[in-house]
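Peer 1: model the following, please.
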Amino acid sequence: MAFPELLDQVGGLGRFQALQTVALVVPTIWLTTQNMLENFSAAVPSHRCWVPLLDNGTAQASAPGALGPKDLLTVSIPPGPNHGPHPCRRFRQPQWQLLDPNTTATNWSEAATEPCVDGWVYDHSTFTSTIVAEWDLVCDSQALKPMAQSIYLSGVLVGAAVCGRISDRWLAESARWLLLAGRLEEGLRELQRVAAINGKKAVGNALTMEVLLSAMQEELSVGQGPASPGALFRTPVLRLRTCVSTLCWFAFGFTFYGLALDLQAISSNIFLLSVLIGVVDIPAKIGILLLLNRLGRRPSQVVSLVLAGLCILANTLVPPETGILRSALAVLGLVGLGAAFTSTIIYTGELFPTVLRMTFVGLGQMAARGGAILGPPVRLLGVHGPSLPLLVYGAVPVLSGLAALLLPETRSLPLPDTIQDVQSRAVKKVTQAIQEGSVLKSTRF
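Peer 2: Next comes the predicted model:
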């Protein structure tokens, strides 16, 4: 009998596991909601320069004739890139000649305009108040918005590192890890507590140190105590798994937060888009769980990342006028990234031994948060070409998905407990491949 058998006796899937799941899911829901709130609190409302003729009653009264707001706007604000009023420029002097029906809108030069030196006027019909309107994070200051988002996400990273120890007080330690780390008495107490919560108190009372040592004699004989983070890079097998898995975590954080924190760049109706992402994400998560069991861990990881990246790259070929198609591709891309994240969490837990599993999970989460910090500033590449940010956001998950082909399949395999388990499986796989190659070679003659 080994640890899986012990866990089955005390309850491998019962009330204890349900409570642990709830304790993890509830904070995650609140954090995700807080992250997505940036789309509304930092939305960019329609805006134009403040001009006296339109926004100063005294100056407006001095305008010749009975001119309406539309005519005053024409002579005060040049047309912008989207055929509406320019959001960042205004005429130095009113261009009265533009009211002549025989005069085209091109009968003015750039020299006749100037920046919005007196501030902006914002459309509050959709968003009554945002940090963009409050702090004028537009035009020459528009880079401050993604930088503020990166600073916020940096705080999330620092907070996770600082408060990680505090969370250990209300989340139970892994009994499996405690036992393999040599903390036998703590591991025994955790197993007894699991049994009590799962309604199997008699089993917990019968579980003694002698029973534990007898059941896990083989695992404890090769146990090596807590492993340092450097062990992730000490052997070629773990080094490859660490690098590729870290890249997958990074790809999720980089692309997801780069896109999800600026849904306004994808669709004008961010309310509908947010609802669609949330609704489609639920069946996508269920679907990836089914694929993990049927298709396998590695194919699911590859497919989810590559398809998400391709959907994002496809948006570079779609004209901005086709808003519905762009929104659909964006939803598929973001939902695909969410599915890839689910796959990554499960797959990572099976790639690394128990003594290093949570060590790598911490490294992977840092990589994801590091990617999230770098994601928003990539949007600034849009000043050089509107498709450049999408090209970067799409290329990273595609390359990460292809790199995942280097990882081994772990479906239906027992969890490795020690570094020796990982190495022995890798050696066994190579040996089988050599033997199969030898058999194929001999059958040719």
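Peer 1: which secondary structure state does residue 426 sit in?
Peer 2: Secondary structure state of residue 426, per DSSP: H, G, I helix; E, B strand; the rest coil, is helix.
Peer 1: that one: how many residues sit nearby?
Peer 2: Other residues lying near residue 426 total 17 when counted by other CB atoms under 10 Å. No exception for glycine: its C-beta is placed from N, CA and C like everyone else's.
Peer 1: what's the neighbour count on the closest residue to it other than its chain neighbours?
Peer 2: Leaving out its chain neighbours, the residue that sits closest to residue 426 by CB to CB, 6 or more residues apart in numbering is residue 237, at 4.6 Å. By the criterion of other CB under 10 Å, residue 237 has 17 neighbours.
Peer 1: so which helix or strand takes in residue 90?
Peer 2: Using DSSP states H and E, residue 90 maps to strand 89-91.
Peer 1: mind listing what that strand pairs with, with the direction of each?
Peer 2: strand 113-115 (antiparallel) (DSSP bridges).
Peer 1: mean confidence for the partner strand?
Peer 2: What strand 113-115 shows for mean pLDDT is 89.
Peer 1: in it, which of the residues would be classed as buried?
Peer 2: Using 16 or more other CB atoms under 10 Å as the test for burial, strand 113-115 gives residue 113.
Peer 1: cool, and stretch 327-345?
Peer 2: Quick answer for stretch 327-345 (16+ other CB under 10 Å): 327-344.
Peer 1: beyond the helix or strand encompassing the residue nearest to residue 426, next helix or strand please.
Peer 2: Following DSSP H and E, one finds residue 237 within helix 236-260. Sequence order places helix 270-294 as the next helix or strand after helix 236-260, per DSSP H and E.
Peer 1: and the next helix or strand after that following helix, what other elements does it pack with?
Peer 2: Of the helices and strands lying after helix 270-294 in sequence (DSSP H and E), the nearest is helix 297-314. Secondary-structure packing of helix 297-314 (3 or more CB pairs under 8 Å, 6 or more residues apart in numbering; DSSP states H and E): helix 236-260, helix 270-294, helix 323-351, helix 388-403.
Peer 1: list the buried residues of the shortest one.
Peer 2: By neighbour count with 16+ other CB under 10 Å, helix 388-403 contains the buried residues 388-394, 396-398, 400-401, 403.
Peer 1: rewinding a little: mind putting the helices and strands packed on helix 297-314 into a markdown table with distance to residue 5 and mean pLDDT?
Peer 2: Output for these, formatted as a markdown table (distance: least, CB to CB, whole Å; pLDDT from 0 to 100):
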| stretch | distance to residue 5 | mean pLDDT |
| --- | --- | --- |
| helix 236-260 | 27 | 93 |
| helix 270-294 | 22 | 89 |
| helix 323-351 | 19 | 90 |
| helix 388-403 | 36 | 95 |
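Peer 1: now those helices in CSV, with distance to residue 183?
Peer 2: Output for the helices and strands packed on helix 297-314, formatted as CSV (distance: least, CB to CB, whole Å):
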stretch, distance to residue 183
helix 236-260, 23
helix 270-294, 31
helix 323-351, 20
helix 388-403, 36
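Peer 1: quick one, which of the ones you listed gets closest to residue 365.
Peer 2: helix 236-260 (7.0 Å; CB to CB).
Peer 1: which parts of that closest one count as buried, going by neighbours?
Peer 2: Residues of helix 236-260 classed as buried: 237-238, 240-242, 244-260 (neighbour count, 16+ other CB under 10 Å).
Peer 1: now stretch 310-327
Peer 2: 310, 311, 312, 313, 314, 315, 316, 318, 326, 327.
Peer 1: does the last one touch residue 267 like I think?
Peer 2: Yes - counting by CB atoms under 8 Å, a contact exists between residue 327 and residue 267, whose distance comes to 4.4 Å.
Peer 1: common neighbours of the two, please.
Peer 2: Jointly contacting residue 327 and residue 267 under the rule CB atoms under 8 Å, 6 or more residues apart in numbering are residue 273.
Peer 1: what are the ranges of the strands in the stretch 101-250 of the chain?
Peer 2: 113-115, 120-122 (DSSP state E, counting those that start in this stretch).
Peer 1: got the ones you listed as CSV, with distance to residue 212 columns?
Peer 2: Converted to CSV, the strands of the stretch 101-250 of the chain look like this (distance: least, CB to CB, whole Å):
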stretch, distance to residue 212
strand 113-115, 73
strand 120-122, 67
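Peer 1: which among these is found nearest to residue 145?
Peer 2: strand 120-122 (14.3 Å).
Peer 1: give the other helices and strands that the closest one contacts.
Peer 2: strand 47-49.
Peer 1: how does it look with 10 Å?
Peer 2: Judged by 3 or more CB pairs under 10 Å, 6 or more residues apart in numbering; DSSP states H and E, strand 120-122 is in contact with strand 47-49, helix 131-135.
Peer 1: just name the most buried of those.
Peer 2: strand 47-49 (a mean of 23; mean count of other CB atoms under 10 Å).
Peer 1: quick one: contacts of it?
Peer 2: Outside strand 47-49, the residues that touch it by CB atoms under 10 Å, 6 or more residues apart in numbering are 54-55, 73, 76-78, 80, 84-91, 113-123, 132-133, 136, 138-139.
Peer 1: now which of those would you call buried?
Peer 2: Counted by 16+ other CB under 10 Å, the contacts of strand 47-49 give 54-55, 73, 76-78, 85-91, 113, 116, 120-122, 132-133, 136, 138 as buried.
Peer 1: run a quick neighbour tally on the nearest residue to residue 235 once chain neighbours are set aside.
Peer 2: Using CB to CB, 6+ apart and skipping the chain neighbours, the partner closest in space to residue 235 is residue 423 (6.4 Å). Look at residue 423: counted by other CB under 10 Å, it has 16 neighbours.
Peer 1: how near is residue 423 to residue 228?
Peer 2: Distance, residue 423 to residue 228, using CB to CB, to the nearest Å: 17 Å.
Peer 1: try residue 17
Peer 2: Distance from residue 17 to residue 228, by CB to CB: 29 Å.
Peer 1: tell me which of those two has more neighbours.
Peer 2: Comparing residue 17 with residue 228 by other CB under 10 Å, the one with more neighbours is residue 17, at 15 against 10.
Peer 1: give the contact list for the closest residue to that one other than its chain neighbours.
Peer 2: When the adjacent residues along the chain are set aside, residue 17 lies closest to residue 11, with 7.6 Å between them (CB to CB, 6+ apart). Counting by CB under 10 Å, 6+ apart, residue 11 makes contact with 17, 191, 194, 195, 196, 197, 198, 199, 200, 203, 204.
Peer 1: burial count for the second one?
Peer 2: The local packing count at residue 191 equals 24, with neighbours defined by other CB under 10 Å.
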